[in-house]
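Pasting the sequence and the predicted coordinates here, then a few questions.
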Amino acid sequence: MVLAGLLLLLTLLAGAHLLWGRWKLRNLHLPPLVPGFLHLLQPNLPIHLLSLTEKLGPVYRLRLGLQDKLVSQRCQDISLGDYSVLWKAHKKLTRSALLLGTRSSMEPWVEQLTQEFCERMRVQAGAPVTIHKEFSLLTCSIICYLTFGDKVKEDTLVHAFHDCVQDLMKTWDHWSIQILDMVPFLRFFPNPGLWRLKQAIENRDHMVEKQLRLHKESMVAGQWRDMTDYMLQGVGRHRVEEGPGQLLEGHVHMSVVDLFIGGTETTASTLSWAVAFLLHHPEIQRRLQEELDRELSPGASCSRVTYKDRGRLPLLNATIAEVLRLRPVVPLALPHRTTRPTSIFGYDIPEGTVVIPNLQGAHLDETVWEQPHEFRPDRFLEPGANPGALAFGCGARVCLGESLARLELFVVLLRLLQAFTLLPPSAGALPSLQPDPYCGVNLKIQPFQVRLQPRGVEAGLGERQCQ
């Protein structure tokens, strides 16, 4: 009886909230509304949303739930935190740690860890490799080194954080959690998936807190060994000029969480998509290796191409841009919220409206791109080519780790193609280029394997450092 009464009360409250919201919007010229509210159940959601533009135009409304995600019980994270003066200070601190705190060490660390990765792959040469798992461990180790410093030499910590990220991602994507976005009041009922998510978050927080404590115990004022040192000392330096609140250690905690959640699987997935496309297009792979051999040969002016000199490898840059265009790992940009009433295409957009740009939709727009569904890196080599810069989002919530991700994509693909030829595990066994159909808002690649055939002695010539 009590349960039935609670359900009735929740239903009445939800109905009253909906009616009040509609009454406030009665005099506005709003974009067309897509009927229904189970859009999250659609396979390949971004493509489904793109198809709606053919019927409704480029701007429309739909119900996606978008309830607050269970990310932290303390300070908000950067990706989903409310836009405020405190949020901007939090973002500035994290960006400074990435751009200033690790400026001199970022590329050498990525190079070193990538070389070690290639050595591990050489041991498995000729055998089928589940490359996404290897990329995932590599990107997690890079984040570990940048965040916790070169003292992170034991693989146990890298594997522990990798397993933690995998557990969180798997739990978030489970239907028992996804359904809470569509039917929020179900969170008040027993839910094993929600319990597992809370346990995963507690484990994550315990691991991060331990690292913060170790840093505080050994930190030297005015010096920073890694991003965590920089941010912990920056909490006192970055003052919030106006508004309530102040940066706390909890903000550093959530910055570390964002770096691992946003910087591990996203980059690993993009690298995996690149390998899959190159397996389907061996002629592009051959041209890339010819470009590398030409620029990294003993007779070249410099046998090492740094990220600053990436313009020397135009086809590699174009290939990365084309992979990001076709398979942006987060095809629906992070939710934005309007801070004041505005309009677009003649439609009224009220203050507080959640706006989600469909990045993949923009990348597949036939009015902008010729043959948008085709893998054609050469499109970025043409004069006046579209830069295709939307893969990392846009506006205030553009990806903080874009510079790091682009560096990783460049270095890892350069070293991988320099050392190996990518081959399918058997004749005709090519990976699917279709995303996992039920993967939430991420474009996850379906599992596949690849054989890495060493290119021989000449592949190592480019490893010589410039003097």
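Perfect, I can see it now. Numbers count the residues shown, from 1 in each chain.

and the residue nearest the centre of the chain, what is it in contact with?
Taking CA atoms, centre = their mean, the centroid of the chain lies closest to Thr266, which sits 3.7 Å from it. By CB atoms under 8 Å, 6 or more residues apart in numbering, the contact set of Thr266 is Val329, Val330, Ala405. (Each C-beta comes from the backbone N, C-alpha and C, glycine too.)

rerun at 6 Å
Residues counted as contacts of Thr266 (CB atoms under 6 Å, 6 or more residues apart in numbering) are Val329.

try Asp348
Residues counted as contacts of Asp348 (CB under 6 Å, 6+ apart) are Leu28, His29.

how close does it sit to Pro341?
7 Å (CB to CB, to the nearest Å).

Can you read off the backbone torsions of Val252?
phi -60, psi -40 (degrees, to the nearest 10).

ranges for the helices of the stretch 51-200 of the chain?
For the stretch 51-200 of the chain, the helices defined by DSSP state H, counting those that start in this stretch cover 85-96, 106-123, 131-148, 155-173, 175-182, 192-218.

elements contacting the fifth one?
Helix 175-182 makes packing contacts with helix 192-218 when contacts are defined by 3 or more CB pairs under 6 Å, 6 or more residues apart in numbering; DSSP states H and E.

any idea of the mean pLDDT for the helix it packs on?
Helix 192-218 comes out with an average pLDDT of 90.

Who is Val355 paired with across the strands?
His336 (DSSP bridges).

which secondary structure element contains Ser255?
Using DSSP states H and E, the element containing Ser255 is helix 249-263.

swap in Glu370?
Under the criterion DSSP H and E, no helix or strand holds Glu370.

Name the nearest residue to it, ignoring sequence neighbours.
Distances taken as CB to CB, 6 or more residues apart in numbering place Arg379 nearest to Glu370, at 7.0 Å, with adjacent residues excluded.

measure the one you found to Phe410 for me?
19 Å.

do the same with Arg327
Arg327 sits 17 Å away from Phe410, going by CB to CB.

Kindly report the same for Pro431.
Here the criterion is CB to CB. By it, Pro431 lies 22 Å from Phe410.

what do you get for Ser218?
Ser218 is 33 Å from Phe410, where distance means CB to CB.

the more surrounded of those two?
For Ser218 versus Phe410, neighbours defined as other CB atoms under 10 Å are more numerous around Phe410 (20 against 10).

Residues contacting the helix holding Ser255, please?
The contact list for helix 249-263 (CB under 6 Å, 6+ apart) reads 72, 74-75, 77-79, 90, 94, 143, 147, 165, 208, 231-232, 401.

so whatever helix or strand comes next after it versus helix 131-148, what angle?
Scanning forward in sequence from helix 249-263 by DSSP H and E, the next helix or strand is helix 265-280. Interaxial angle of helix 265-280 relative to helix 131-148 (axes from the mean of the first three to the mean of the last three CA atoms, to 10 degrees): 150 degrees.

Give me the mean pLDDT for helix 265-280.
Helix 265-280 comes out with an average pLDDT of 96.

List the buried residues for that helix?
Buried residues in helix 265-280, counting neighbours by 16 or more other CB atoms under 10 Å, are found at 265-279.

nearest to Gly456, of these?
The closest of these to Gly456 turns out to be Leu278 (CB to CB; 19.0 Å).

OK, contacts around that closest one?
Leu278 makes contact with Gln285, Leu422, according to CB under 6 Å, 6+ apart.

Repeat that for the one 3 residues further on.
For His281, the contacting residues are Phe375, taking CB under 6 Å, 6+ apart as the criterion.

And it, its phi and psi?
The phi/psi pair for His281 (degrees, to the nearest 10) reads phi -130, psi 70.

Pull up the gap between it and Glu322, please.
10 Å.

May I have the beta-bridge partners of Pro454?
Counting by DSSP bridges, the residues bridging with Pro454 are Phe420.

wait, it sits on Gly126?
No - under the criterion of CB atoms under 6 Å, Pro454 is not in contact with Gly126, lying 8.4 Å apart.

between the two, which one's more packed in?
Pro454 (15 against 10).

Now do that one, the pLDDT please.
So Pro454 comes in at 94 (pLDDT).

Report the separation between it and Val110.
Pro454 is 22 Å from Val110, by CB to CB.

can you check Glu202 too?
Going from Glu202 to Val110 by CB to CB gives 31 Å.

So if I had to pick from the two, which one is more boxed in?
Neighbours per residue (other CB under 10 Å) separate Glu202 from Val110, with Val110 holding more: 23 against 11.

check contacts around that one.
Contact analysis of Val110 by CB under 6 Å, 6+ apart lists Ile142, Leu407, Glu408, Val411.

what kind of secondary structure is the third one in?
Under DSSP: H, G, I helix; E, B strand; the rest coil, the three-state class of Glu408 is helix.

Check which helices and strands the helix or strand harbouring Gly361 is in contact with.
In this assignment (DSSP H and E), Gly361 forms part of helix 359-363. If you count contacts as 3+ CB pairs under 6 Å, 6+ apart, helix 359-363 packs onto no helix or strand.

got the CA coordinates for it in CSV?
What follows is helix 359-363 as a C-alpha-only set of coordinates in CSV (Å, rounded to 0.1, in the frame of the first residue of the first chain):
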residue,chain,number,x,y,z
LEU,A,359,29.2,16.3,-33.9
GLN,A,360,29.0,13.1,-36.0
GLY,A,361,26.0,14.7,-37.8
ALA,A,362,28.1,17.7,-38.7
HIS,A,363,30.9,15.4,-39.9
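
Give me the contact list for it.
Pro46, Leu50, Arg325, Pro328, Pro331, Ala333, Leu390.

Restricted to helices, list the residues you listed.
Mapping the contacts of helix 359-363 onto helices (DSSP state H) picks out Pro46, Leu50, Arg325.

Weed out the non-buried ones from the residues you listed.
Neighbour-count burial (16+ other CB under 10 Å) is assigned, among the ones in helices among the contacts of helix 359-363, to Pro46, Leu50, Arg325.
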